[in-house]
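[1] My questions concern the predicted model and sequence given below.
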4 protein chains.
Amino acid sequence: MRKLWTPLILINFKSYTEGIGQRALKLAKEAETVARRTGVCIGLAPQHTQITELAKAVSLPIFAQHVDPIEPGSFTGHVLAEAVKEAGAVGTLINHSEQRLKLASIQTAIRRMRELKLTSVVCANNAEVSASAAALKPDFIAIEPPELIGTGIPVSKAQPEIITETVNRVQQIEPEITVLCGAGISRGEDVAAALELGTKGVLVASGIVKAKKPAETILEFAEAART
Amino acid sequence: MRKLWTPLILINFKSYTEGIGQRALKLAKEAETVARRTGVCIGLAPQHTQITELAKAVSLPIFAQHVDPIEPGSFTGHVLAEAVKEAGAVGTLINHSEQRLKLASIQTAIRRMRELKLTSVVCANNAEVSASAAALKPDFIAIEPPELIGTGIPVSKAQPEIITETVNRVQQIEPEITVLCGAGISRGEDVAAALELGTKGVLVASGIVKAKKPAETILEFAEAART
Amino acid sequence: MRKLWTPLILINFKSYTEGIGQRALKLAKEAETVARRTGVCIGLAPQHTQITELAKAVSLPIFAQHVDPIEPGSFTGHVLAEAVKEAGAVGTLINHSEQRLKLASIQTAIRRMRELKLTSVVCANNAEVSASAAALKPDFIAIEPPELIGTGIPVSKAQPEIITETVNRVQQIEPEITVLCGAGISRGEDVAAALELGTKGVLVASGIVKAKKPAETILEFAEAART
Amino acid sequence: MRKLWTPLILINFKSYTEGIGQRALKLAKEAETVARRTGVCIGLAPQHTQITELAKAVSLPIFAQHVDPIEPGSFTGHVLAEAVKEAGAVGTLINHSEQRLKLASIQTAIRRMRELKLTSVVCANNAEVSASAAALKPDFIAIEPPELIGTGIPVSKAQPEIITETVNRVQQIEPEITVLCGAGISRGEDVAAALELGTKGVLVASGIVKAKKPAETILEFAEAART
């Protein structure tokens, strides 16, 4: 099913003021309009508190930003995979650079996703860590050099070799895994460059959520992805 | 306002299977029925994903189980205080024994609650840690010896001196703080004992959420709290 | 005994290249020379691996930079209080801003120090956290606004009110606790200012360890402390 | 060089009372006697505070129990690779189940070891995590199912398939990596079984450090490893 999702534009709402409440809802609807018009798949990763709301409001795949590597039980304040699924999410980010996990926890989180037929998107900071993550067989790996996150300098331009190396090393270990690319993506041409380098989509946050006119930027991204 | 909430029965849904989805909703409605009938305040702390839903479904104070000590920004997978507030929560648990925080993070989380006019309930494992937390001026401190959590052995019976010592030390440092008591509370008499020892309510999880007949247990708790 | 140590200049070697191996030993001996000449107490906090060596080489109080909040047992890679004591340390830093601990862990680490008759120096980032730490009754509290650490801008000049407020709040809760001050201390006058504000010494790192002529800087500090 | 070390018996002193101070020194000397007599390589991983002392006292390879994934700098309370090397260690354990690290930190710690020509021994809890670690190219991987650690039930008997699967998956990804096996190893026959399953040695802690007669147990292990 996730194959149907590519090329994928996955929008991470983080903890941005622009990504909560009514603004989150508006952003979701604008993304849905673009997805319908262009046929490009757009995923949304809002705050946990708005997964249910967004999953009801739009027919786009909704992702959690994180799940904890736990079974149901005595885990106060943790994010339970089952709860995320019941809320309407189809998957989750795992190990984002702002929420790094222990190696064994990444494995458990991926396994929990698999058990619940949810999609795992593991973030990695370089090609070697991507290879390491690949051995755990997530559905997606998103390569994001942390030093470029939020800079507006696209990894596809600044460090294209990291992307191609990641694609190669991941393919060697698990050819089934889909590679996304993130960090500094803020224009359509960055998306196009990412796809040319062998990825199947982008993970983007401030580039869209903090854009002056998010609807236009999403459209720009989608059109670049479609080409 | 929080003064109006005492005596308080605060139900922590943790990551229990019995505390998510439709079961969470049913539990919330049963609690609301008891609160109306007895006049005792009952708070609910569900998974983040269900705060919105429960806040809409019942007129009881809803708490998050955790918020991260952050301002809005680049914090993927974190729980933002503003998001929790927009979802309808009136406050949050902080530093539960299953989600211990660094000292400086506890301070920041309490401050964030205060800024948003939300209520902070800081958990502590003994009287000295309670005194330490009191210096940070949260609204509530919940004393819970971790070794009794989930045992069904009530702290009010097993270690009553921990409760009285906590009440005393907290009062010395900040008389405005309301003390709750948790761990092992599973019967009405445990609630009554907790109040007699000087607390203003209980923090309870499995004692209600995993009870055979939660509605009856909530009622038993509320009646004991009212006396 | 710790009363005999004031005024105290406590030098944190961190993980600096200049603070390991032969350079650590040289620094220790220079500090000892100054301590003998001026009568000012100088403590040293080297890497764990050099506690034994420095404790044998000089007759100055040696501190660990951190101990884990554990009893002897199955804790691979942890720093055991008993091991630190056997190595010749007289105490430890706890909760440095580069090694923040959970609240309950700070309490346990302080208790472990007390059990072994070792000295605890708890670091705190502001006056309120210092008050919170004071309730746990460590021997020393070192107030260090993290934004000034390593800047060369002395807290005693940039934010003198943080120091006086810390001294006041700590005194209110536990008058026996000795307050040190850190962050940005790089000249003798910074030390003098810190003492005038009511502290009993300084916690210093780069100001001495990375100084061009450490021996001269130590002497400058000690002379300022003596006045 | 590490090839010369196999078969390897690597003794983890953890934070055991029996593994610090004079007892650590006595254990080290007994291990050296056995190593000389049998020709089997025996490595020792003491508390950080005793690395220097043991490295001077015996001519056996000394390992740290942990190093932090840092360059020299402002890292109070961290264990710096350079400091461990200057103390005389030849390598370190990384990611022991009692000191689990984030994925990116494991990569950095391995890289730091490589830069300093030190040996990395990464611990993993199952075959899949071992494969993941293998992509990061450490020198050794020690497979230790955490549920068996300290039980006296040897993994080589309880779950032999975990060992063979680990050896296979690691070989596929990086044939140069040497696999050790740990958890529950307490008798010579456990060591022999581990080697028959394709590993090149054992990681052992309580089985030796807490043995009634450690010298005899070390000899039993070494003779089993030699066969």
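    Yep, that arrived. Numbers count the residues shown, from 1 in each chain, chains lettered A, B, ... in the order given.
[2] which SSE is A:Thr217 in?
    In this structure, A:Thr217 sits in helix A:214-226 according to DSSP states H and E.
[3] what does that helix rub up against?
    Judged by C-beta atoms under 8 Å, 6 or more residues apart in numbering or on different chains, the contacts made with helix A:214-226 from elsewhere in the structure are A:7, A:9, A:11, A:27, A:30-31, A:33-35, A:37-40, A:42, A:185-192, A:195, A:201-202, A:204, A:207-208, A:211. Just so you know, the C-beta spots here come from the backbone N, C-alpha and C atoms, and that holds for glycine as well.
[4] Among the residues you listed, which lie within helices?
    Among the contacts of helix A:214-226, the members found in helices (DSSP state H) are A:27, A:30-31, A:33-35, A:37-38, A:188-192, A:195, A:207-208.
[5] From chain C, how far out is the closest residue to A:Lys157 other than its chain neighbours?
    Once flanking residues are discounted, A:Lys157 sits nearest to A:Ala193: 6.3 Å by C-beta to C-beta, 6 or more residues apart in numbering or on different chains. Using C-beta to the nearest C-beta, to the nearest Å, one obtains 38 Å as the distance from A:Ala193 to chain C.
[6] And A:Ala193, what's its pLDDT?
    If you check A:Ala193, the pLDDT there is 91.
[7] can you pull the contacts of it?
    Applying C-beta under 8 Å, 6+ apart, we find A:Ala193 in contact with A:Pro154, A:Ser156, A:Lys157, A:Pro160.
[8] next one: A:Val67
    Contacts here follow C-beta under 8 Å, 6+ apart; on that basis A:Val67 touches A:Val79, A:Leu80, A:Ala81, A:Val84, A:Thr92, A:Ile94, A:Ala109, A:Arg112, A:Met113.
[9] quick one, phi/psi of it?
    Listed backbone geometry of A:Val67 is phi -130, psi 150, with angles given as degrees, to the nearest 10.
[10] Please report the distance of it from A:Leu54.
    16 Å (C-beta to C-beta, to the nearest Å).
[11] And the helices in chain A, which stretches?
    Assignment of helices within chain A using DSSP H yields the ranges A:21-38, A:51-57, A:81-86, A:103-115, A:127-134, A:155-158, A:160-173, A:188-196, A:206-209, A:214-226.
[12] wait, does the longest one contact chain B?
    Same thing as helix A:21-38. Yes. Applying C-beta under 8 Å from any C-beta of the partner chain, one finds that helix A:21-38 is in contact with chain B at A:Gly21.
[13] which outside residues touch the lowest-mean-pLDDT helix or strand in chain A?
    Scoring the helices and strands of chain A by mean pLDDT, DSSP states H and E places helix A:155-158 at the bottom, with a mean of 80. Residues lying outside helix A:155-158 but in contact with it, judged by C-beta under 8 Å, 6+ apart, are A:143-145, A:148, A:162-163, A:181-185, A:190, A:193-194, A:197.
[14] if we can go back for a sec, neighbour count added to the contacts of A:Ala193, as CSV?
    Written out in CSV, the entries for those read as follows (neighbours: other C-beta atoms under 10 Å in any protein chain shown):
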residue, neighbour count
A:Pro154, 24
A:Ser156, 26
A:Lys157, 15
A:Pro160, 16
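[15] For these, please prepare JSON lines with the additional fields distance to A:Thr119.
    Conversion of those to JSON lines gives the following (distance: C-beta to C-beta, whole Å):
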{"residue": "A:Pro154", "distance to A:Thr119": "25"}
{"residue": "A:Ser156", "distance to A:Thr119": "23"}
{"residue": "A:Lys157", "distance to A:Thr119": "28"}
{"residue": "A:Pro160", "distance to A:Thr119": "27"}
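[16] ok, of those, which one's closest to chain C?
    Taking C-beta to the nearest C-beta as the measure, chain C sits nearest to A:Pro154 out of those, at 31.3 Å.
[17] quick one: that closest one and A:Asp190 touch, right?
    Yes. At 3.7 Å, A:Pro154 counts as touching A:Asp190 under the criterion of C-beta atoms under 8 Å.
[18] Show the contacting residues for the most far-flung residue of chain A relative to its centre.
    Centroid-distance maximum for chain A: A:Ser74 at 28.5 Å, with C-alpha atoms, centre = their mean. With contacts defined as C-beta under 8 Å, 6+ apart, A:Ser74 is in contact with B:Lys14, B:Ser15, B:Tyr16, B:Glu98, B:Ile149, B:Gly150, B:Ala205, B:Ser206.
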